[in-house]
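K.L.:
I need the structure of the sequence given here:
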Amino acid sequence: MTAKNVVRVLGAALVVAGAMGGCRCSGQAGVDEAKIDEPPLDKVYPNVDRPRAEFPRSCQTDDPTLNKFIGTILAVCERGDYDTFRQSFGTAYDPTEEKDFERFWRNVGEIRVAGIYPGKADPPEYYVHVVVRLREADRKGRQSRDAVVTVFQELGEWRIVPASKEIIQKVLAASTQPASVPADSGQGGEAR
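P.N.:
You can find the predicted model right below:
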């Protein structure tokens, strides 16, 4: 699973669009037509273990609408709800195709929000770091992957797009920094 594809699927792990109505996507009728109101994958494949999602309280923000959005998208990932997933992306971005979404859904065992980092204030923008545990190792032998997505408001609704390489590097670097220990704690650390 490539990093770009992980980010596309993990985008589903983080955000759900407010607009849930069915629409016909531009494209050829027939085979290429979007499948509207298809059942989620957990209903299509009831005997397949669905991914588990975790959004620890320690990672939640002061913005209840953002927390709700992230919680909802995690539920979308657990269910394998492609219709809602594709609607969660910003208007300038095309989400991954349904067949790839299904393949990823089957291979993801767990999605855990590891951190939320503020970006621009107006309009609000956040970078969400998630850790994805895979059911089977990827081509490089990895059992887990880190991904970062950008969550932002577009026309008053929360949306998602993959984070830029620069943002991914900054967020992953920030998430691996050791916590500072106050100088007066007696533990030999430096105050920062």
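
K.L.:
what's the burial count for His162?
P.N.:
Quick fix: residue 162 is Pro, not His. If you count neighbours by other C-beta atoms under 10 Å, Pro162 ends up with 22. For the C-beta atoms, the positions are set from N, CA and C on the backbone; glycine is no exception.

K.L.:
how near is it to Glu78?
P.N.:
21 Å (C-beta to C-beta, to the nearest Å).

K.L.:
what of Pro95?
P.N.:
For Pro95 relative to Glu78 (C-beta to C-beta), the value is 17 Å.

K.L.:
direction included, what does the helix or strand hosting Asp146 pair up with?
P.N.:
Using DSSP states H and E, Asp146 maps to strand 144-154. Here strand 144-154 has these sheet partners by DSSP bridges: strand 125-134 (antiparallel), strand 157-162 (antiparallel).

K.L.:
out of those strands, nearest to Thr72?
P.N.:
Proximity to Thr72 (C-beta to C-beta) singles out strand 157-162 among the strands paired with strand 144-154, at 9.1 Å.

K.L.:
now the element after that closest one, going C-ward?
P.N.:
helix 165-175.

K.L.:
how far out from the middle of the chain is that next one?
P.N.:
15 Å (C-alpha atoms, centre = their mean, to the nearest Å).

K.L.:
avg pLDDT for that helix?
P.N.:
Averaged over helix 165-175, pLDDT sits at 94.

K.L.:
elements contacting that helix?
P.N.:
If you count contacts as 3 or more C-beta pairs under 8 Å, 6 or more residues apart in numbering; DSSP states H and E, helix 165-175 packs onto strand 108-118, strand 125-134, strand 144-154.

K.L.:
turn these into JSON lines, including mean pLDDT and distance to Leu41.
P.N.:
Output for the helices and strands packed on helix 165-175, formatted as JSON lines (pLDDT from 0 to 100; distance: least, C-beta to C-beta, whole Å):
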{"stretch": "strand 108-118", "mean pLDDT": "96", "distance to Leu41": "11"}
{"stretch": "strand 125-134", "mean pLDDT": "96", "distance to Leu41": "17"}
{"stretch": "strand 144-154", "mean pLDDT": "95", "distance to Leu41": "20"}
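
K.L.:
output those strands in TSV; the columns should cover mean neighbour count and distance to Arg52.
P.N.:
As requested, the helices and strands packed on helix 165-175 are exported to TSV (neighbours: other C-beta atoms under 10 Å; distance: least, C-beta to C-beta, whole Å):
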stretch	mean neighbour count	distance to Arg52
strand 108-118	19	5
strand 125-134	21	9
strand 144-154	21	13
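
K.L.:
for Lys68, find the nearest of the ones you listed.
P.N.:
Nearest to Lys68 among the helices and strands packed on helix 165-175 is strand 144-154; the distance by C-beta to C-beta comes to 11.9 Å.
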